[in-house]
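# Task: produce atomic coordinates for the following.
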Amino acid sequence: MKSRIVILSVACLLCLTAGAQRLVSPNGRISLEQRDGRFVLNYRQQHVIDIAAPQAALPLKGIKAQRLKTDYRMLSGKRLHCTNQANEYRVGDMTVRLYNDGLAYRYESPVKEQAAYVIPEGMKRWMMQWTDGAEGFYPLQTTYKVKAQRSFSAVSKDTDGNCIRWSFPLLLEVNDGVFALLTEANIEKGQSASSLYNDGELFRVVQDEGENKGHSPWRVVIVGTLGDVVESTLVTDVSEPCKLENTGWIHPGVVSWVYWAYNHGSDDYNIIKKYSDLAATLHLPYVLIDAEWDRMKDGKTIEDAVSYAKSKGVKPLIWYNSSVGWVDGAPTPKYRLNKPEDREKEFAWCERIGVAGVKIDFFSGENQKNMDFCIDLMESAARHHLLVNFHGATVPRGWQRTYPNLLSTEGVYGAEWYNNVPTFTKAAASHNATLPFTRNVIGPMDYTPCAFSDSQHPHITSHAHELALTVLFESGLQHLADRPESFLAQPQDVQDFLSLLPAAWDETRFVSGYPGESCVLARRSGNTWYVAGINGTDETKTLSVPLPFIKKVREATLFADSGNKEQPWSIETIKKLPATVTCQPRGGFIFRITADSK
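The predicted structure is shown next:
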């Protein structure tokens, strides 16, 4: 987990273009200049976005830059070895870094946020309306005049009923084939997170409360092609290095998960046994014992459930209510983590009985109280060798680098909603094909994928689509949603696929797709490539699958849809990788490829 930022040189790296002063990235593709009292961000000399900030009126002439090189290792994520370069400038009280794949800037004094992005009408954008749990769709739109869709009180509206508050990340197609993703990174103690409030075309960055202590978090704009955006590690590049001395106990993995099929199943020892048995049969490392385990029936206790899982060679994770968000009427256990002394006692007990990690739920937004509490939880959990999964929480902002025991975060409208509302059924395929370009770009996403059967409300995505989500969606703890009987009814090849499924990736490559329509990604673990694609539309679609980076294929298996409801799978060993794959409506596919290392 060693990491470093190296200052390579100090030089005047200002360029003149048509009389304008420019700050540039090391590769020269991204530049920042001044125009009409604003910063103008460019990519390959194409205009990307205007940023309104008082510092844009300061002279840039003569500003010197430090060349930075970032090189560090992750324990989970889309890429385990991350590198990047930047030119860093100081403009007034603002530090500006132009990386090879985007812009990052922050304020070095505790000032109130002053920056805003100009997003003109007509520009394509994928935006999620803000709620404290960051659970919503990212529909394609071309205007800021969007009716508030959710009844939650946290949704902010103007007098016409239009939403005016938007969550990070926000994806823009600024020109044909050129994209920008707006987000932020590196929330520290004494800081709140931010969201975007729009006043017409002006989208202001607004801290949840007050001023930040010391410098602000980094404001981040990832820029380039869709591949540049999807593959970027800029959120962790600008985040604080790992603060843990010992990380050998942190192991990403796949988890069997009870809630999707049994809303209150964790109060039933026999149901927990079923999911522990499933994990053992599929050779999954973890089982999650969800809410209400403190009210277990029939004289059984959580200690009994933990002991049973361990006897099967499965590591148990358990759920807690954060008790700062939804408390009244919410599930238990509550109030066990809020006071430092209670938290240490509880986590010490978890460690002692053999719990491997904790899922902590129901936070109440992005203010300093919540951000500080999350940091306290990660630090305390690390002292007791506990993995962490935040639910009902804000989206990732780089903590997965600083505290690598944080292996996943919800902050996504995921498959658990099949248990709650009918809305997901028709929207899921397009939503699934949007998430790799939006929410999952910035960090691990506990969507809880892979349901072959139905929860309270049916799904209409295909079997191969569902299996593909286990690779398309990156999460250091990948919770499988379906019931044991459904998984064990699948062909042995599918069961073996899940048994071998990684939860951390050596590298990730964007292959093809467009938000809401389709997505094909390739992820590598060792010498094995997983190439997953989904069709987000209601029509048959042929997906492009160029894979020039995979050399010397030794063997490959294709998992696809047969189109037959009685026998839904088409599984075959192939010798040559095809250039295209035709997917049925809301369908998908996966190649599992073993290749030579060179």
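# Could you export stretch 520-535 as PDB, CA atoms only?
Extracted in PDB, the C-alpha atoms of stretch 520-535 (Å, rounded to 0.1, in the frame of the first residue of the first chain):
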ATOM      1  CA  VAL A 520     -19.000  -3.500 -22.700                       C
ATOM      2  CA  LEU A 521     -16.100  -3.600 -20.300                       C
ATOM      3  CA  ALA A 522     -13.100  -5.800 -19.900                       C
ATOM      4  CA  ARG A 523     -11.600  -6.500 -16.500                       C
ATOM      5  CA  ARG A 524      -8.500  -8.500 -15.800                       C
ATOM      6  CA  SER A 525      -7.500 -10.500 -12.700                       C
ATOM      7  CA  GLY A 526      -4.100 -12.200 -13.200                       C
ATOM      8  CA  ASN A 527      -4.100 -13.900 -16.500                       C
ATOM      9  CA  THR A 528      -7.900 -14.100 -16.700                       C
ATOM     10  CA  TRP A 529     -10.000 -11.500 -18.600                       C
ATOM     11  CA  TYR A 530     -13.700 -11.100 -18.000                       C
ATOM     12  CA  VAL A 531     -15.500  -9.200 -20.800                       C
ATOM     13  CA  ALA A 532     -19.000  -8.300 -19.900                       C
ATOM     14  CA  GLY A 533     -21.700  -6.600 -22.000                       C
ATOM     15  CA  ILE A 534     -25.300  -5.600 -21.600                       C
ATOM     16  CA  ASN A 535     -28.000  -4.300 -23.800                       C
END
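# Pull out the buried residues from it.
By 16 or more other Cβ atoms under 10 Å, the buried positions in stretch 520-535 come out as 520-525, 528-535. Placement of C-beta: from N, CA and C, glycine included.
# Likewise for stretch 78-98?
By neighbour count on 16+ other Cβ under 10 Å, the buried set for stretch 78-98 is 78-80, 82, 84-89, 91-98.
# hmm, back to that, let's see which of the buried residues of stretch 520-535 end up in strands.
Cross-referencing the buried residues of stretch 520-535 against strands under DSSP state E gives 520-525, 528-535.
# now, among these, which is nearest to Val355?
Val355 lies nearest to Ser525 out of those, by Cβ to Cβ, at 26.5 Å.
# Give me the distance between the residue nearest to the closest one when sequence neighbours are not counted and Val254.
Excluding its sequence neighbours, the residue lying closest to Ser525 (Cβ to Cβ, 6 or more residues apart in numbering) is Pro502, at 3.9 Å. Using Cβ to Cβ, to the nearest Å, Pro502 is found at 8 Å from Val254.
# which of those two has more neighbours?
Using other Cβ atoms under 10 Å as the criterion, Pro502 and Val254 rank with Val254 on top: 24 against 19.
# can I assume that one is in contact with Pro285?
Yes. With contact defined as Cβ atoms under 8 Å, Val254 reaches Pro285; the gap is 6.8 Å.
# now the ones in strands among the buried residues of stretch 520-535 in TSV, with distance to Glu507 and pLDDT?
As requested, these are exported to TSV (distance: Cβ to Cβ, whole Å; pLDDT from 0 to 100):
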residue	distance to Glu507	pLDDT
Val520	15	99
Leu521	11	99
Ala522	9	98
Arg523	7	98
Arg524	5	98
Ser525	9	98
Thr528	12	98
Trp529	9	98
Tyr530	11	98
Val531	13	98
Ala532	14	99
Gly533	18	99
Ile534	20	99
Asn535	25	99
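# Could you list the low-pLDDT ranges of the stretch 401-550 of the chain?
Low-confidence regions of the stretch 401-550 of the chain, defined by pLDDT under 70, are absent; no residue qualifies.
# where do the helices sit along it?
Using DSSP state H, counting those that start in this stretch, the helices of the stretch 401-550 of the chain run over 424-432, 463-472, 484-488, 492-500.
# Give me whichever of the ones you listed is most buried.
Neighbour counts (mean count of other Cβ atoms under 10 Å) averaged over each of the helices of the stretch 401-550 of the chain peak at helix 463-472, with a mean of 26.
# How far off centre is it?
Helix 463-472 has its C-alpha centroid displaced from the chain centroid by 16 Å (Cα atoms, centre = their mean, to the nearest Å).
# likewise stretch 311-326?
Stretch 311-326 has its C-alpha centroid displaced from the chain centroid by 20 Å (Cα atoms, centre = their mean).
# Show the end-to-end separation of it, please.
34 Å (Cα to Cα, to the nearest Å).
# again with stretch 159-170
23 Å.
# Would you indicate which residues of that stretch are buried?
Those would be Cys163, Ile164, Arg165, Trp166, Ser167, Phe168, Pro169, Leu170, for stretch 159-170 by 16+ other Cβ under 10 Å.
# Assign the closest residue to Asn405 other than its chain neighbours to helix, strand or coil.
Closest residue to Asn405 apart from its sequence neighbours, by Cβ to Cβ, 6+ apart: Ala382 at 5.0 Å. The local conformation at Ala382, judged by DSSP: H, G, I helix; E, B strand; the rest coil, is helix.
# I'd like the numbering to begin with 28 instead of 1 from here.
Will do, 28 is the new start, and the previous item becomes Ala409.
# Make JSON lines out of the buried residues of stretch 186-197 and add secondary structure and distance to Ile316.
Shown next, in JSON lines, are the buried residues of stretch 186-197 (DSSP: H, G, I helix; E, B strand; the rest coil; distance: Cβ to Cβ, whole Å):
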{"residue": "Cys190", "secondary structure": "strand", "distance to Ile316": "37"}
{"residue": "Ile191", "secondary structure": "coil", "distance to Ile316": "40"}
{"residue": "Arg192", "secondary structure": "strand", "distance to Ile316": "35"}
{"residue": "Trp193", "secondary structure": "strand", "distance to Ile316": "35"}
{"residue": "Ser194", "secondary structure": "strand", "distance to Ile316": "30"}
{"residue": "Phe195", "secondary structure": "strand", "distance to Ile316": "32"}
{"residue": "Pro196", "secondary structure": "strand", "distance to Ile316": "32"}
{"residue": "Leu197", "secondary structure": "strand", "distance to Ile316": "36"}
